[in-house]
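*Asks:* What follows is a protein structure lacking sequence information:
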Ligand SMILES: [Fe+2]
């Protein structure tokens, strides 16, 4: 069952949701579908979209705020807004499925990692930084699912608030979190802060 998001969504967002739904209905290789979602996300985050207060509200006392924007009734995708306060950051992580990230506002720092182990030992992973860069509004990144390496970390780099829009090919509630020094990873459950009381 679809959970109700409190506020009416801006038409720019509902148009985006329709577009993503149509893209995923088309018969195409996943890489092409994710590329098309990336192009739609680029248009969304350069459209002048302003999130309603209920979606841009910062949850105090958490590492960063994840607000659910939309759950696809057919469970093909999920859209969330992440609101980053000054220097807030994610853990090093990857996703169980594809993911498209667009920067709507502010400055973010992205660090991408390569896995340099063979992936044969459950719970173990060796990582090496592949690249690090700053993004500005309008920047979009497309990530395909593992086993292709998509381990990454995102952080606010401009003093916040930075706002990013994430579209996932899954419920958006699970990620694998990596410990660089211990060379381990574990699966964690993630919350939507706007759905909490
Ligand atoms: Fe991520």
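*Replies:* Great, that's in hand. Here the structure is a predicted model, which means the values were calculated and not measured. Numbers count the residues shown, from 1 in each chain.
*Asks:* For the residue lying closest to residue 157 once chain neighbours are set aside, which three-state class applies?
*Replies:* Beyond its immediate neighbours in the sequence, the residue positioned closest to residue 157 (CB to CB, 6 or more residues apart in numbering) is residue 109, lying 3.9 Å away. Backbone N, C-alpha and C define where each C-beta goes, glycine included. Following DSSP: H, G, I helix; E, B strand; the rest coil, we place residue 109 in the strand state.
*Asks:* is it true that residue 109 touches residue 131?
*Replies:* No - using CB atoms under 8 Å, residue 109 makes no contact with residue 131, being 11.2 Å away.
*Asks:* Give me the more crowded residue out of those two.
*Replies:* More neighbours surround residue 109 than the other of residue 109 and residue 131, with 17 against 10 (other CB atoms under 10 Å).
*Asks:* Tell me who's in contact with that one.
*Replies:* Going by CB atoms under 8 Å, 6 or more residues apart in numbering, residue 109 touches 89, 132-135, 154-157.
*Asks:* Give me the below-cutoff pLDDT ranges for this protein.
*Replies:* Applying pLDDT under 70 to the chain flags residues 1-7, 147-148, 197.
*Asks:* Tell me which stretches of it form strands.
*Replies:* 65-71, 78-84, 92-95, 99-105, 108-115, 127-135, 140-143, 152-156, 162-168, 174-179, 184-189 (DSSP state E).
*Asks:* Pipe those strands into JSON lines and attach distance to residue 10 per row.
*Replies:* JSON lines is the format used below for the strands of the chain (distance: least, CB to CB, whole Å):
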{"stretch": "strand 65-71", "distance to residue 10": "10"}
{"stretch": "strand 78-84", "distance to residue 10": "12"}
{"stretch": "strand 92-95", "distance to residue 10": "26"}
{"stretch": "strand 99-105", "distance to residue 10": "12"}
{"stretch": "strand 108-115", "distance to residue 10": "22"}
{"stretch": "strand 127-135", "distance to residue 10": "22"}
{"stretch": "strand 140-143", "distance to residue 10": "19"}
{"stretch": "strand 152-156", "distance to residue 10": "23"}
{"stretch": "strand 162-168", "distance to residue 10": "12"}
{"stretch": "strand 174-179", "distance to residue 10": "27"}
{"stretch": "strand 184-189", "distance to residue 10": "29"}
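*Asks:* Would you tell me which of these gets closest to residue 195?
*Replies:* strand 65-71 (5.9 Å; CB to CB).
*Asks:* tell me what that closest one is packed against?
*Replies:* helix 11-25, helix 53-56, strand 78-84 (3 or more CB pairs under 8 Å, 6 or more residues apart in numbering; DSSP states H and E).
*Asks:* Would you format these as CSV with mean neighbour count and distance to residue 66 included?
*Replies:* Below are these laid out as CSV (neighbours: other CB atoms under 10 Å; distance: least, CB to CB, whole Å):
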stretch, mean neighbour count, distance to residue 66
helix 11-25, 16, 16
helix 53-56, 15, 11
strand 78-84, 23, 5
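*Asks:* Relative to residue 124, how far out is residue 115?
*Replies:* Going from residue 115 to residue 124 by CB to CB, to the nearest Å gives 10 Å.
*Asks:* Sweet, I'm off.
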